[in-house]
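# I'll drop the sequence and a predicted model, then ask my questions.
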Amino acid sequence: MNRALAVFVFFGIGYFLSNFFRAANAVISDDLMRDLGLSAADLGMMTSLFYAGFAAVQLPLGVALDRIGPRFAVPALMLMTVVGCLLFATAMALPQVAVGRTLIGVGMAGNLMGAVKAFSAWFPPQRVATFTSLMVGIGALGALVAATPLAWLNQQFGWRNVFLGGALVTLLSAGGIVLGTRNAPPGVLWRATSDVSDAGFAQIFRNPHFWRIAPLNLTLLGTTLAVQTLWAGPYLFDTLRLSQFEAGNLILIISAGVAAGYASCGALADLFGTRRVMTVSTLAFLAAQMPLLSPVPPQPAALAVVFFLFGFSGAFSLLTLAQVRELFPPYMGGRAVTAVNLFGFGGATVIQWGMGVIISAFAKNDDGRYSVEAYIAAFGVALLLNALALVWYLTPVAPGAEKRASAGGVEG
């Protein structure tokens, strides 16, 4: 197999698994709450720990990617997912499943960032965004498998056996990256040499353009993941009384939208400009959330359209990685993208958990379900955060702050 193609394939498989694990709880949420005795706040907290673990390792991951390369840094982290899956599958109470979920997130933290770093070495600079969005679009199919197919697997084998199988598949995927890829083609510089000055993360965090981009990634990616990978399921179960398969079909539509958005956002940004595309897609994302604030929940046919637009427009958060990467030299690429990714997955942690806290503040109905008002409150807060982040993103950087920035470059 061509080495560049192997890099694309093996890192794509890893990202597929990351999407599967992050989205799995939405479909099996009822079973988790029943089997482990969880409340909505417990479920939100536990599910968000995937993103907390993911975010916690982003900065050291960036250093590892720039120093030892994705070939070994990514598989080393994936071993944590193997351990996490085993803990998750055998958990009998909240503390065990919470630790397992956290380790699964830690282990999946390097798949996308490692791919971005590897692609920067293996593909021409003008094609990196396109190949990244294509890989992410294909990898996002993992979330499709975590919808209706997972509902079927759960009914056939149970969620515990699904996660035992996930441990084995993750181990095989990690081995494929080690054996099937390399950090860079011969003669290509993928890390800083000893005589290159490197101010590290301080240089990134002093850049004023970074602080326009990072909050938008926090709210866009955070809200997309909070709904896609958890709260869409309880919303459908509680407000429309859908079955696991019916809810799985609609969650699959969100994931299909995400996959389509990931696959197309790079080409659209190349054609129309990243900033313009980010602005339009974020406005579409805000519009997609409005029907979820209705006191009369949309029926499944209407929700299918809403959910597809929600997933499609939310996926454009991927472009924030390309914007930030353009602000800094290539040898800082790993740290630059992990710095902005820290905000995205930190946002997923806070928003997903926060939505659970808001929903739990409302009393359950007589049949043990949360009311539509509980979900309106949670979705409304998320919508407000996204609107504020867009306003901040569009606010020009003060000329004085731009001159004081330690790194050159402008927003894409």
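Arrived safely.

# Spatially nearest residue to Phe163 (excluding sequence neighbours)?
Ala89 (4.0 Å; C-beta to C-beta, 6 or more residues apart in numbering). No exception for glycine: its C-beta is placed from N, CA and C like everyone else's.

# so that neighbour is in which element?
Using DSSP states H and E, Ala89 sits in helix 70-90.

# Was I right to think Phe308 contacts Ser255?
No - at 9.7 Å, Phe308 does not count as touching Ser255 under the criterion of C-beta atoms under 8 Å.

# Of the two, which one has the most company?
Ser255 (29 against 20; other C-beta atoms under 10 Å).

# before we move on, which element is the more buried one in?
Counting by DSSP H and E, Ser255 is part of helix 244-272.

# could you point out which element follows that helix?
Helix 244-272 is succeeded, C-terminally, by helix 274-289 (DSSP H and E).

# I'd like the average pLDDT over that following helix.
On average, the pLDDT along helix 274-289 is 97.

# Ramachandran coordinates for the residue nearest to Asn386 when sequence neighbours are not counted?
Excluding its sequence neighbours, the residue lying closest to Asn386 (C-beta to C-beta, 6+ apart) is Thr219, at 4.5 Å. Main-chain dihedrals, Thr219, degrees, to the nearest 10: phi -80, psi -40.

# Please spell out which residues along the helix holding Ala89 are buried.
70-71, 73-75, 77-78, 80-89 (16 or more other C-beta atoms under 10 Å).

# Show me what the next helix or strand after it is packed up against.
Using DSSP H and E, the helix or strand that directly follows helix 70-90 along the chain is helix 94-108. Counting contacts by 3 or more C-beta pairs under 8 Å, 6 or more residues apart in numbering; DSSP states H and E, helix 94-108 packs against helix 3-36, helix 40-56, helix 70-90.

# just how off-centre is helix 94-108 within its chain?
16 Å (C-alpha atoms, centre = their mean, to the nearest Å).

# Of the helices and strands packed on helix 94-108, flag the one that's most buried.
With neighbours taken as mean count of other C-beta atoms under 10 Å, the helices and strands packed on helix 94-108 reach their highest mean count in helix 40-56, at a mean of 25.

# Just the C-alphas of it, formatted as PDB.
Output of helix 40-56 as PDB, limited to C-alpha atoms (Å, rounded to 0.1, in the frame of the first residue of the first chain):
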ATOM      1  CA  ALA A  40     -29.800  12.900  34.200                       C
ATOM      2  CA  ALA A  41     -27.100  14.900  36.000                       C
ATOM      3  CA  ASP A  42     -25.100  11.700  36.600                       C
ATOM      4  CA  LEU A  43     -25.500  10.700  32.900                       C
ATOM      5  CA  GLY A  44     -24.400  14.100  31.700                       C
ATOM      6  CA  MET A  45     -21.500  14.200  34.000                       C
ATOM      7  CA  MET A  46     -20.300  10.700  33.200                       C
ATOM      8  CA  THR A  47     -20.700  11.100  29.400                       C
ATOM      9  CA  SER A  48     -18.900  14.500  29.500                       C
ATOM     10  CA  LEU A  49     -15.900  12.800  31.100                       C
ATOM     11  CA  PHE A  50     -14.900  11.500  27.700                       C
ATOM     12  CA  TYR A  51     -14.400  15.100  26.700                       C
ATOM     13  CA  ALA A  52     -12.800  16.000  30.000                       C
ATOM     14  CA  GLY A  53     -10.200  13.300  29.500                       C
ATOM     15  CA  PHE A  54      -9.800  14.200  25.900                       C
ATOM     16  CA  ALA A  55      -9.200  17.900  26.700                       C
ATOM     17  CA  ALA A  56      -6.900  17.200  29.600                       C
END
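
# between the helices and strands packed on helix 94-108, which gets nearest to Thr223?
If you check each of the helices and strands packed on helix 94-108 against Thr223 by C-beta to C-beta, helix 40-56 wins as the nearest, at 12.0 Å.

# Name the surrounding residues that touch the closest one.
21-22, 25, 29, 32-33, 38, 94, 97-98, 101-106, 108-109, 225-226, 229-231, 234, 341-342, 345-346, 348-350, 352-357, 359-360, 370 (C-beta atoms under 8 Å, 6 or more residues apart in numbering).

# If any of these are buried, put those into a ChimeraX selection.
This is how ChimeraX selects the buried members of the contacts of helix 40-56, with burial counted by 16+ other C-beta under 10 Å:
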select :21,22,25,29,32,33,38,94,97,98,101,102,103,104,105,106,108,109,225,226,229,230,231,234,341,342,345,346,348,349,350,352,353,354,355,356,359,360,370
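
# Tell me where the stretch 301-412 of the chain has helices.
Along the stretch 301-412 of the chain, counting by DSSP state H, counting those that start in this stretch, helices occupy 319-325, 333-360, 372-394, 399-404.

# could you dump those to JSON lines with mean pLDDT and distance to Gly175?
Formatted as JSON lines, those follow (pLDDT from 0 to 100; distance: least, C-beta to C-beta, whole Å):
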{"stretch": "helix 319-325", "mean pLDDT": "87", "distance to Gly175": "27"}
{"stretch": "helix 333-360", "mean pLDDT": "90", "distance to Gly175": "22"}
{"stretch": "helix 372-394", "mean pLDDT": "97", "distance to Gly175": "39"}
{"stretch": "helix 399-404", "mean pLDDT": "62", "distance to Gly175": "46"}
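
# Nearest to Leu240 among those would be which one?
helix 372-394 (9.4 Å).

# CA-only coordinates of that closest one in PDB, if you can.
The C-alpha coordinates for helix 372-394 follow below in PDB (Å, rounded to 0.1, in the frame of the first residue of the first chain):
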ATOM      1  CA  VAL A 372     -40.100  19.500  27.200                       C
ATOM      2  CA  GLU A 373     -39.500  22.700  29.300                       C
ATOM      3  CA  ALA A 374     -36.400  21.100  30.800                       C
ATOM      4  CA  TYR A 375     -34.900  20.500  27.300                       C
ATOM      5  CA  ILE A 376     -35.900  24.000  26.100                       C
ATOM      6  CA  ALA A 377     -34.000  25.500  29.000                       C
ATOM      7  CA  ALA A 378     -30.900  23.400  28.300                       C
ATOM      8  CA  PHE A 379     -31.000  24.000  24.500                       C
ATOM      9  CA  GLY A 380     -31.700  27.700  25.100                       C
ATOM     10  CA  VAL A 381     -28.500  28.200  27.100                       C
ATOM     11  CA  ALA A 382     -26.500  26.500  24.500                       C
ATOM     12  CA  LEU A 383     -28.000  28.700  21.700                       C
ATOM     13  CA  LEU A 384     -27.100  31.800  23.700                       C
ATOM     14  CA  LEU A 385     -23.500  30.700  24.100                       C
ATOM     15  CA  ASN A 386     -23.100  30.100  20.400                       C
ATOM     16  CA  ALA A 387     -24.600  33.500  19.500                       C
ATOM     17  CA  LEU A 388     -22.200  35.300  21.900                       C
ATOM     18  CA  ALA A 389     -19.200  33.300  20.500                       C
ATOM     19  CA  LEU A 390     -20.100  34.300  16.900                       C
ATOM     20  CA  VAL A 391     -20.300  38.000  17.900                       C
ATOM     21  CA  TRP A 392     -16.900  37.800  19.500                       C
ATOM     22  CA  TYR A 393     -15.400  35.900  16.500                       C
ATOM     23  CA  LEU A 394     -16.500  38.700  14.200                       C
END
